[in-house]
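Asker: fold the stuff below for me.
(chains A, B and C)
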Amino acid sequence: MTSLVADVAFDLPVDRAFSYRVPPGLALSRGQRVRAPLQGRVRVGVVIAVRRDDAPGGEAIRDAVEPAPLYGAAMLATAERAAAESFASLGATLAALAPPLPRRGPGEAVAAPPEVTAAAPGPIELWTDAGREDRLVAELLHGAGSALVVAPDIAAARRWAERLGAGRLDSGASDDERRDAWFGAARGRPRLVVGTRSALLAPLPPPATVALVDEHDPAHKPPGAPRLHSRDVLARRAAAEGSRLVLLSATPSVESWARADAGEVERPEAAPGPWPEVIAADTRGILRNHPLTLPLTRAIEHASRAGRPLALILARESAALGCDECAEVLRCPDCGIALALSRAARTLACRLCGRAEPLPERCGACGGHRLSPVGWGVERVEASLRKRFPGLAVTRARPTSGAGPVIAPGVRAVIGTVGLLRDVPRGSLGAVGFVALDVLLRQPDFRAGERAFQGLWAAAEAVHPSGRVIAQTRHPEHYAVRAAVRQDRGEFYSHEVKFRAELGYPPFRRLCTVSATAVTDAAARALVEECAAALRGIAGLDVYPPARRGAPTAKRPRWSLLIKGPAELPRLLAGPLAALGPGRRRRGGMLQVEMDPVSWS
DNA sequence: AGCACGCCGACT
DNA sequence: GTCGGCGTGCTC
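Answerer: Predicted structure coming up:
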């Protein structure tokens, strides 16, 4: 006697499905959420297959969470690819890309996702012009198709939902609201939905547009499965269901820019928008005792006269060491990124390849004796500002909770990090000052130049065309600074692409980090060394020597390993890593794999 | 002998 | 992730 069996994927670091009998009378489909017993308790999982079996044994499905599936075939295929590429389990991936569980009883309207069969991958567009957001709003409001807008954080999702009158899928909305938006979207009501990462697989009837706001924002790759950038998940989605993908950013990731150069992504010509005066204030030799240069002081006066608020941008003090005389930064000769200072160990170490050397006595370029970390603390900047402008109301940006405007009424000057510019209305500031741009430029991360450029461009967009952006820097000729001064994206990307090509960084090579934590430093090291040994010798891979991350005396000592490889890096690593069992404990330690890491500080 | 702890495999 | 089995080793 044959009966039905369902294969269920759970939110576990286990890359296999579990099979259950389907009780008579329960209609189940792929993509549906169910409750089933596992290890003595009832858990929620997703049905990934329903099949006939001659001799079904074991446990039965308890019930369905919803009467209809969450995901259609195209979304399941997208999740499978995302899981495989990021070395996460399918169950963990689906659990991260799902609406909240129901808390209310029956009566809820639940619609199945549309069945989509894509004839061809949809187009990918990269919009970089100043009017990109207004144009997307107008297009979506006046269009007839369905659309999903993915924002980097809850605050942005809220703003987009308000502008579009869209349903909200992000966790800033109530569970009921999110479920209504998810299941309503399947029927095209609401026609427009907005969300963050958890919304990537929300159902959309064709023809559909999927938009990613602030494509370059690292918040699009949050912690947790699947450890892939939302841009990459959406690209797979658009290919699987044939929807149109629109990426929005004035300063796209170099990866997306290069795809446009290669003709894989459409990048319409962007007419220059309004632009304030952007000034590079050279601080070589003059900024050791005061954080405000003359150009910045003038810009503050200018903003005050115009009656507009201003922002001063700081960053945490950099771990990099620079020469006070010639402005050279001490860099790793192999990786090209700034070496990171460890005061405790009295060493300079490369966070990419692990090279470590004792603190040098003098600058390798000019022989200067004054080597110091760059940057200004908030307290010092605030004190200087109050002293120089006693009448100015000064506040520190509170950590953004996403609620309310960052620049409150009455506040004339705000001190914060670059993140502060995200929540500022276009053209609303009188001035933005980067007190120490070099802290951004010298981050020990190959994306430091990109981040600095993006920060400057965001500042120019946040400042009124009659206002000013001041970049205090010892590198006024750096191409990221010059590109912002001249409002010339091409200048930045052409230099940056060259740098990435020369040193083998994305988009020319793909990166992966494998890190190990264990109870002891030695065990973590042994684990990651074992991993490195297994990967060395695979053609096409560069496996760098393992490096310690953080202090050897940390509660959970951590070592990590950088791997560079071609586009098919996930496929090359799949076999060897499966044998090592990432996510599972071994000898008291654990391996974690991160594809396409966005930062490593 | 009896129990505490930690490692490791298994989870339908 | 979480549970339990079982081996090691300490204690009564």
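
Asker: just checking, A:S304 touches A:F389?
Answerer: Yes - if you go by Cβ atoms under 8 Å, A:S304 and A:F389 touch, sitting 7.5 Å apart. Where C-beta positions appear, they are placed from N, C-alpha and C, glycine not excepted.

Asker: what about chain A, any weak spots by pLDDT?
Answerer: For chain A, the stretches with pLDDT under 70 are A:1, A:105-106, A:287-289, A:317-318, A:374, A:398-411, A:550-554, A:581-588, A:600-601.

Asker: biggest strand in it by residues?
Answerer: strand A:41-53 (DSSP state E).

Asker: quick one: contacts of it?
Answerer: Contacts to strand A:41-53, defined as Cβ atoms under 8 Å, 6 or more residues apart in numbering, come from residues A:2-11, A:17-19, A:22, A:28-38, A:62, A:65, A:69-71, A:76, A:90-91, A:94-95, A:98, A:101.

Asker: of these, which belong to strands?
Answerer: Applying DSSP E to the contacts of strand A:41-53, the entries found in strands are A:3-10, A:18-19, A:33-38.

Asker: kindly identify which of those also come near DNA strand B.
Answerer: With Cβ under 7 Å from any atom of the strand as the criterion, the members of these in contact with DNA strand B are A:18-19, A:36-38.

Asker: still on that earlier bit, buried subset of the ones in strands among the contacts of strand A:41-53?
Answerer: A:4-10, A:18-19, A:33-36, A:38 (16 or more other Cβ atoms under 10 Å).

Asker: which of the residues you listed are close to DNA strand C?
Answerer: Taking Cβ under 7 Å from any atom of the strand, the overlap between these and the neighbourhood of DNA strand C is A:L38.

Asker: just give me the closest of the buried ones among the ones in strands among the contacts of strand A:41-53 to A:D134.
Answerer: Out of these, the one with the shortest distance to A:D134 is A:R33. That distance is 38.0 Å, counting by Cβ to Cβ.

Asker: these two touch, right, that closest one and A:E66?
Answerer: Yes - between A:R33 and A:E66 a contact is recorded at 5.8 Å, counting by Cβ under 8 Å.

Asker: what about A:A77, neighbour count?
Answerer: A:A77 is flanked by 16 other residues according to other Cβ atoms under 10 Å.

Asker: can you tell me how far it sits from A:A84?
Answerer: Applying Cβ to Cβ, to the nearest Å, the value for A:A77 to A:A84 is 11 Å.

Asker: coming back round to it: export the longest strand of chain A as CSV, just CAs?
Answerer: In CSV, the C-alpha atoms belonging to strand A:41-53 read as follows (Å, rounded to 0.1, in the frame of the first residue of the first chain):
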residue,chain,number,x,y,z
ARG,A,41,9.3,18.2,20.0
VAL,A,42,7.2,19.8,17.3
ARG,A,43,9.1,22.1,15.0
VAL,A,44,8.2,24.2,12.0
GLY,A,45,9.8,23.3,8.6
VAL,A,46,9.1,23.7,4.9
VAL,A,47,8.0,20.9,2.6
ILE,A,48,10.5,20.6,-0.2
ALA,A,49,9.0,17.5,-1.8
VAL,A,50,5.9,15.4,-1.7
ARG,A,51,6.2,11.8,-3.0
ARG,A,52,4.7,8.4,-2.9
ASP,A,53,6.3,5.7,-0.8
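
Asker: before we move on, which element is the nearest residue to A:P99 once chain neighbours are set aside in?
Answerer: Counting by Cβ to Cβ, 6 or more residues apart in numbering, the nearest residue to A:P99 once its immediate chain neighbours are dropped is A:W182, at 4.1 Å. Secondary structure assignment for A:W182, by DSSP states H and E: helix A:175-186.

Asker: relative to A:S599, how far out is the closest residue in space to A:P207 that isn't next to it in sequence?
Answerer: Across the structure, with Cβ to Cβ, 6+ apart as the measure, the residue nearest A:P207 apart from its sequence neighbours is A:G145 (4.3 Å). According to Cβ to Cβ, A:G145 stands 36 Å off from A:S599.

Asker: more crowded one of the two?
Answerer: Neighbours of A:G145 and A:S599, each counted by other Cβ under 10 Å, are more numerous for A:G145; the result is 17 against 14.

Asker: relative to A:P205, how far out is that one?
Answerer: The value you get for A:G145 to A:P205, if Cβ to Cβ is used, is 8 Å.

Asker: next one: A:P557
Answerer: As it turns out, when the distance is counted by Cβ to Cβ, A:P557 lies 51 Å from A:P205.

Asker: kindly report the same for A:P24.
Answerer: When Cβ to Cβ is the yardstick, A:P24 and A:P205 sit 33 Å from each other.

Asker: ok, these two, which is more surrounded?
Answerer: Neighbour tally, A:P24 and A:P205, criterion other Cβ under 10 Å: the higher count belongs to A:P205, 18 against 8.

Asker: ranges for the strands of the stretch 301-450 of chain A?
Answerer: Assigned by DSSP state E, counting those that start in this stretch, the strands in the stretch 301-450 of chain A fall at A:310-313, A:321-323, A:340-342, A:347-349, A:356-358, A:371-373, A:394-396, A:413-416, A:429-434.

Asker: just the stretch 501-601 of chain A next, same as before
Answerer: A:510-517, A:542-543, A:547-549, A:558-565, A:585-586, A:589-595.

Asker: now mean neighbour count too, for the ones you listed, in a markdown table please.
Answerer: Supplementary listing: the strands of the stretch 501-601 of chain A in a markdown table, determined by neighbours: other Cβ atoms under 10 Å:
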| stretch | mean neighbour count |
| --- | --- |
| strand A:510-517 | 23 |
| strand A:542-543 | 16 |
| strand A:547-549 | 21 |
| strand A:558-565 | 23 |
| strand A:585-586 | 13 |
| strand A:589-595 | 20 |
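
Asker: quick check, A:P226 in a helix?
Answerer: No - when the secondary structure is assigned by DSSP: H, G, I helix; E, B strand; the rest coil, A:P226 falls in coil instead of a helix.

Asker: which residues does A:R482 contact?
Answerer: Contact analysis of A:R482 by Cβ under 8 Å, 6+ apart lists A:280, A:488, A:491.

Asker: return the subset of those residues lying in strands.
Answerer: By the criterion of DSSP E, membership of the contacts of A:R482 in strands covers A:A280.

Asker: can stretch A:46-62 be said to contact DNA strand C?
Answerer: No - Stretch A:46-62 stays clear of DNA strand C (Cβ under 7 Å from any atom of the strand), getting no nearer than 14.6 Å.

Asker: okay, now A:T117: neighbour count?
Answerer: Residue crowding around A:T117 was assessed by other Cβ under 10 Å; the count is 11.

Asker: quick one: secondary structure of the closest residue to A:E266 other than its chain neighbours?
Answerer: Nearest in space to A:E266, with sequence neighbours left out and distances taken as Cβ to Cβ, 6+ apart, is A:E125 at 4.7 Å. Applying three-state DSSP to A:E125 yields a three-state assignment of strand.

Asker: and A:E125, what is it in contact with?
Answerer: With contact taken as Cβ under 8 Å, 6+ apart, A:E125 is in contact with A:244-247, A:265-268.

Asker: any of these buried? List them.
Answerer: Taking 16+ other Cβ under 10 Å as the criterion, what is buried in the contacts of A:E125 is A:244-247, A:265, A:267.

Asker: A:A156 belongs to a strand?
Answerer: No - assessed by three-state DSSP, A:A156 does not belong to a strand; its assignment is helix.

Asker: could you give the separation of stretch A:465-478 from the chain centroid?
Answerer: Mean C-alpha position of stretch A:465-478 versus that of the full chain (Cα atoms, centre = their mean, to the nearest Å) differs by 26 Å.

Asker: can you give me the helices for the stretch 1-150 of chain A?
Answerer: A:73-86, A:90-96, A:132-142 (DSSP state H, counting those that start in this stretch).

Asker: just these: most buried one?
Answerer: A comparison of the helices of the stretch 1-150 of chain A by mean neighbour count, using mean count of other Cβ atoms under 10 Å, puts helix A:90-96 on top with a mean of 24.

Asker: which residues touch the nearest residue to A:S466 once chain neighbours are set aside?
Answerer: Taking Cβ to Cβ, 6+ apart as the measure, A:S466 lies nearest to A:A306, with 6.5 Å between them; neighbours along the chain are not counted. Contacts were defined as Cβ under 8 Å, 6+ apart; by that measure A:A306 touches A:430, A:464, A:466-467.

Asker: cool, thanks, signing off.
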